[in-house]
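> predicted model and sequence below, questions to follow.
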Amino acid sequence: MTDPSKQTWFTEIFGDEGTSFGLEITEKLHEEQTQYQFLEVYDTKTFGKLMVLDGCVMLTSRDNFLYHEMMSHPALFTHPNPKKVAIIGGGDCGTLREVLKHPGVERCTQIDIDEKVTWASQQWFPELCDANDDPRAELLFDDGIAWVKNCAPGSMDVIIIDSTDPVGPAEGLFAVDFYKDCLKALKPEGLLVQQSESPLLHSDSIIKKIHLDMADAGFQQCHTLPFPQPVYPTGWWSCTMASPHGSVTHFRESDAAAKAFETQYYNLEIHRGALAMPEFMKRALSK
């Protein structure tokens, strides 16, 4: 048996919730203080590579597909004909890769403030960067809030907010004024997607506030889709979709069923199931 005293673990402690998550690591591959955050990359025993920002798990090689697929495909199959997509954040480039699997997308602009995150992804998660050289991809390293504010009105079909937790550099991405700027940038049939934390921990706090703030910003429909994510707090995560006018619960089911690209998690049935909101979430959001 392995001597527990000789094991090396990365552990993220969620102090307010009284819980934690850990992975056994075999090597630290990189660390640096960027202009914005402390970046670490590890090799783990069972989850492949691990990226950490300011002590918080961002992704692993083994399970990142869950998050990246659910942040992109439900929205892109809900929109009637998405051509121009913006990703705010998303520096690891996994969501960009999933968006550009859709042949109808003509342009996807990714705006992340920290170039070092993309550099680290290219070094240790190259599979996530397959689409970086796609002629439809545009990678910008800038302030996403300012970019959206200056975006031409009615120019975007889908805006995906692929952010870290609502603290520090990402705090302004969870605000009514930012959602108003997103609404202005979207076409009438456009969609906004926000990563919205853990349903189990945050339904009556962060997720409820997202719904209220999006409504205050002028979005007419809003719906949260839960999905599994083992390395994030509670192992259960979510994204929230909002629309200025159209439905966020009806999607192009025949196109989803006949998708011409490979996924590891997303399919027609997963999309249908994710739209079924648990009772405790309904209660929390209706208060």
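Structure received.
> rest of the way, CA atoms for contacts and neighbours
Will do.
> give the other helices and strands that the lengthiest strand in the chain contacts.
For the chain, the strand reaching the highest residue count under DSSP state E is reported as strand 19-33. Counting by 3 or more CA pairs under 8 Å, 6 or more residues apart in numbering; DSSP states H and E, the packing neighbours recorded for strand 19-33 are strand 9-14, strand 38-44.
> for the residue nearest to the spatial centre of the chain, list the residues it contacts.
Per CA atoms, centre = their mean, the C-alpha nearest to the average position across the chain is that of residue 162, at 3.6 Å. By CA atoms under 8 Å, 6 or more residues apart in numbering, the residues touching residue 162 are 71, 87-90, 95, 194-195.
> residue 255: which of those residues is nearest?
Distances from residue 255 to those, taken as CA to CA, are shortest for residue 71 (17.5 Å).
> of the helices and strands packed on strand 19-33, which stretch is the most buried?
For the helices and strands packed on strand 19-33, the stretch with the most neighbours on average is strand 38-44, a mean of 20; neighbours defined as mean count of other CA atoms under 10 Å.
> quick check: next helix or strand after it?
Toward the C-terminus, strand 38-44 is succeeded by strand 49-53 as the next helix or strand (DSSP states H and E).
> so for residue 181, which of the helices and strands packed on strand 19-33 sits nearest?
For these, proximity to residue 181 was assessed by CA to CA; strand 38-44 is nearest, at 29.1 Å.
> any chance of the helices and strands packed on strand 19-33 in JSON lines, plus distance to residue 210 and mean pLDDT?
Listed next are those as JSON lines, based on distance: least, CA to CA, whole Å; pLDDT from 0 to 100:
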{"stretch": "strand 9-14", "distance to residue 210": "21", "mean pLDDT": "94"}
{"stretch": "strand 38-44", "distance to residue 210": "27", "mean pLDDT": "98"}
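> of all the ones you listed, which one is nearest residue 174?
Comparing these against residue 174 with CA to CA, the closest turns out to be strand 9-14 (20.3 Å).
> can you list the domains in this structure?
Under the assignment automatic domain parsing, the domains of the chain span 4-60, 64-286.
> worst mean pLDDT among those?
The stretch with the lowest mean pLDDT among the domains of the chain is domain 4-60, which comes in at a mean of 92.
> quick one, helices of the chain?
According to DSSP state H, the chain carries its helices in the segments 64-78, 94-99, 115-124, 144-149, 176-185, 199-202, 208-217, 253-257, 268-274, 279-286.
> same list (the ones you listed) but as TSV, adding distance to residue 245 and mean neighbour count.
Below are the helices of the chain laid out as TSV (distance: least, CA to CA, whole Å; neighbours: other CA atoms under 10 Å):
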stretch	distance to residue 245	mean neighbour count
helix 64-78	13	23
helix 94-99	22	26
helix 115-124	34	18
helix 144-149	20	19
helix 176-185	11	22
helix 199-202	25	18
helix 208-217	12	20
helix 253-257	20	14
helix 268-274	21	16
helix 279-286	20	13
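> of all these, which one comes closest to residue 133?
Across the helices of the chain, the minimum distance to residue 133, taken as CA to CA, is reached by helix 94-99, at 10.3 Å.
> now do that closest one: which elements does it pack against?
helix 64-78, strand 107-111.
> a markdown table please, covering the contacts of residue 162 and showing distance to residue 209.
Putting these into a markdown table (distance: CA to CA, whole Å) gives the following:
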| residue | distance to residue 209 |
| --- | --- |
| 71 | 19 |
| 87 | 21 |
| 88 | 19 |
| 89 | 20 |
| 90 | 22 |
| 95 | 24 |
| 194 | 12 |
| 195 | 13 |
